[in-house]
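Enquirer: What follows is a predicted protein model with its sequence.
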Amino acid sequence: MVEQRGGSIRSLMKGNVLVLTVSRVIWSVSGSIVYPYLSLYFLELGGTKPQIGLVNALAGLVGMFLFPVGGYIADKSGRAKLIGVATFLYATSFFFYILAPNWQWLAVGMAYQQLVLFYMPAMNAIMADSIPVGARGKILSLTMVLPEAVRIFTPYVGGWLISVYTLQPAMRLGYTLSFFIGAFVAYMRFKYLKETVENRSDIGKDIPGIFRESYADIIKSTRWVLSNLRGYAIVAMFLTFVNAIVMPFWIIYAMDVIGLSEYSWGSILLVAGVTKVALSLGIGNLVDRWGARRCILIGLIMTIPALLGFILSQNFFQTAVVYFVLVAGNAFVWISSNVLLADSIPRRTRGRVMATLGQGVGVGISGGGYTRGFLLFIPATVGSILGGYIYEYSPSLPWLIQASVLGVCVILAFILVSEPEKAQM
């Protein structure tokens, strides 16, 4: 357990924490209109279920290429400006989705999107830098709650747009909105984020040298992770693998097997959004009081029966209740893993280690948060490749595998995961 520090939420929501939270709130207006329906858009443009998995795998491998560079730049040259510039590059990726005549365009867009997400280690690190020890659960949960409060109605709006305008026009409209909002968010981050790295160095313009040092540092960071966070890393890799299997197929299963419509699925995500907002802040306080390890275990144990309940669901009400539990379990795991990493990783190497291990991990529900790190790309790639084939063989099998792997993760987390004796600043 860590010493309680900080102050009221109002006093802590300032500076970089406020900028990043507000920017996420603004961006969440558009992103969640279309994201839950991306797999349907992919199928509509001629793709197949196995190709969904293969494209996700390819995109992950492309993203792995620049992640070490992002972590290296974040620690050596600074985090703030990198985040602003790269956020704009990410916004431009939506042009592929807006103009896509076929699924191949979506594939290129997804790969480009993953490539420019090399700024994620910097954004994760600057957030961890800016929150005092002992208040991280509370503040990280709040940074989840506020965007989710806005995001509550947007999947519902997306489902409504699809029911009115049909899938393709609705998706193109949503992605157009995403571009303009993303460009505004990039401007906000570039202008208002304040640097947290002291004694920054000029890394120069030696591009080959930057890559060489970045990958050398990722090897050092991996050794540090295996010495200091080995148990968490093993659990995170298992979760990432199985999450990649199921992530693209929630809505497809809901429509193919349960018989829900896009509009009904949007309504369930509305319920999920309300759930996350209602519970996350309280969960964040519990993480600060009980500790991250205990709360990770709680989340995993909650999730396993709910996954089995999802494949047994036969109507809207049953699916909504099960998803309610899944969202709650995911919030425990996601917030707790974020806090564990922030408490465990020294500030001077936080960007590079987070490039290796990501920010945190969830349990693979739609909208469950980003899980990106160099060590996690390989299990994510393998899971993505297998996911489409597994779903095509048996639609319920991905969730049976996920529940089984989460059971293993409960045992591993209980035995191997530990918290630092003293939390890092």
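Expert: Thanks, I have it. Numbering: from 1, shown residues only.
Enquirer: any idea which helix or strand comes after the helix or strand of the chain with the lowest mean pLDDT?
Expert: When each helix and strand of the chain is scored by mean pLDDT, DSSP states H and E, helix 9-12 comes last, with a mean of 62. Of the helices and strands lying after helix 9-12 in sequence (DSSP states H and E), the nearest is helix 15-34.
Enquirer: burial measure for Ile207, as a count.
Expert: 10 (other Cβ atoms under 10 Å). To be clear about C-beta, it is placed using only N, CA and C from the backbone, and glycine gets the same treatment.
Enquirer: Likewise for the one 5 residues further on?
Expert: Counted with other Cβ under 10 Å, the burial measure for Arg212 works out to 11 neighbours.
Enquirer: now do the one 3 residues further on
Expert: Applying other Cβ under 10 Å, we find 13 residues neighbouring Tyr215.
Enquirer: List the contacts of the one helix or strand it maps to.
Expert: In this assignment (DSSP H and E), Tyr215 forms part of helix 207-228. Residues from elsewhere that reach helix 207-228 (Cβ atoms under 8 Å, 6 or more residues apart in numbering): 68-69, 71-73, 203-204, 233, 344, 349, 352-353, 355-357, 374-375.
Enquirer: Mind doing that once more with 7 Å?
Expert: Here helix 207-228 makes contact (Cβ atoms under 7 Å, 6 or more residues apart in numbering) with 68-69, 72, 203, 233, 344, 349, 352-353, 355-357, 374-375.
Enquirer: same thing with stretch 294-309?
Expert: Residues outside stretch 294-309 that contact it (Cβ under 7 Å, 6+ apart) are 286-287, 322, 325-326, 328-330, 332-333, 336-337, 363, 399, 402-403, 406-407, 409-410, 413-414, 417.
Enquirer: Return the subset of the residues you listed lying in strands.
Expert: Among the contacts of stretch 294-309, no residue falls in strands (DSSP state E).
Enquirer: how about the helices in the stretch 301-425 of the chain?
Expert: Taking DSSP state H, counting those that start in this stretch to define them, one finds helices in the stretch 301-425 of the chain at 316-344, 350-357, 374-393, 397-416.
Enquirer: give me every residue that touches the nearest residue to Gln113 once chain neighbours are set aside.
Expert: Leaving aside its sequence neighbours, Gln113 sits nearest to Ser93 (Cβ to Cβ, 6 or more residues apart in numbering; 4.1 Å). Ser93 makes contact with Gly109, Tyr112, Gln113, Val116, according to Cβ under 7 Å, 6+ apart.
Enquirer: Could you do Leu416 as well?
Expert: Leu416 neighbours (Cβ under 7 Å, 6+ apart): Arg230, Gly231, Ile234.
Enquirer: and what of Leu279?
Expert: Applying Cβ under 7 Å, 6+ apart to Leu279 gives the contacts Ala328, Ala331.
Enquirer: Report the buried residues of stretch 89-106.
Expert: Residues of stretch 89-106 classed as buried by neighbour count (16 or more other Cβ atoms under 10 Å): 89-94, 96-98, 100, 103, 105-106.
Enquirer: tell me the average confidence for it?
Expert: Confidence for stretch 89-106, expressed as mean pLDDT, is 94.
Enquirer: what about that stretch, start to end distance?
Expert: 16 Å (Cα to Cα, to the nearest Å).
Enquirer: Now do the same contact list for Asn102.
Expert: With contact taken as Cβ under 7 Å, 6+ apart, Asn102 is in contact with Leu45, Gly46.
Enquirer: ok, back up a step: and the contacts of Leu416, which are buried?
Expert: By neighbour count, with 16+ other Cβ under 10 Å, those hold Gly231, Ile234 as buried.
Enquirer: Could you dump the contacts of Leu416 into CSV with pLDDT, distance to Glu262 and secondary structure added?
Expert: Listed next are the contacts of Leu416 as CSV, based on pLDDT from 0 to 100; distance: Cβ to Cβ, whole Å; DSSP: H, G, I helix; E, B strand; the rest coil:
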residue, pLDDT, distance to Glu262, secondary structure
Arg230, 92, 43, helix
Gly231, 93, 40, helix
Ile234, 94, 38, helix
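Enquirer: ok, back up a step: out of the helices of the stretch 301-425 of the chain, which is the most enclosed?
Expert: Most buried of the helices of the stretch 301-425 of the chain, by mean neighbour count (mean count of other Cβ atoms under 10 Å): helix 350-357, with a mean of 30.
Enquirer: thinking again about what came up before, could you identify the least confident member of the contacts of helix 207-228?
Expert: Ile203 (63).
Enquirer: Ramachandran coordinates for Gly47?
Expert: Backbone torsions of Gly47, given as degrees, to the nearest 10, read phi -80, psi 170.
Enquirer: looking at it, it is touching Trp103, isn't it?
Expert: Yes. Counting by Cβ atoms under 7 Å, Trp103 is a contact partner of Gly47 at 3.5 Å.
Enquirer: before we move on, back to that, weakest of the helices of the stretch 301-425 of the chain in terms of mean pLDDT?
Expert: helix 350-357 (a mean of 77).
Enquirer: Look up the pLDDT of the residue lying closest to Val19 once chain neighbours are set aside for me, please.
Expert: The shortest distance from Val19 to any non-neighbouring residue, by Cβ to Cβ, 6+ apart, is to Tyr192 (4.7 Å). According to the predicted model, the pLDDT of Tyr192 comes to 90.
Enquirer: Kindly report the same for Gly134.
Expert: 68.
Enquirer: In the protein, where is pLDDT below threshold?
Expert: 1-13, 133-135, 148, 199-206, 366-372, 425 (pLDDT under 70).
Enquirer: would you turn the helices of the stretch 301-425 of the chain into JSON lines with distance to Tyr35?
Expert: Shown next, in JSON lines, are the helices of the stretch 301-425 of the chain (distance: least, Cβ to Cβ, whole Å):
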{"stretch": "helix 316-344", "distance to Tyr35": "15"}
{"stretch": "helix 350-357", "distance to Tyr35": "23"}
{"stretch": "helix 374-393", "distance to Tyr35": "16"}
{"stretch": "helix 397-416", "distance to Tyr35": "19"}
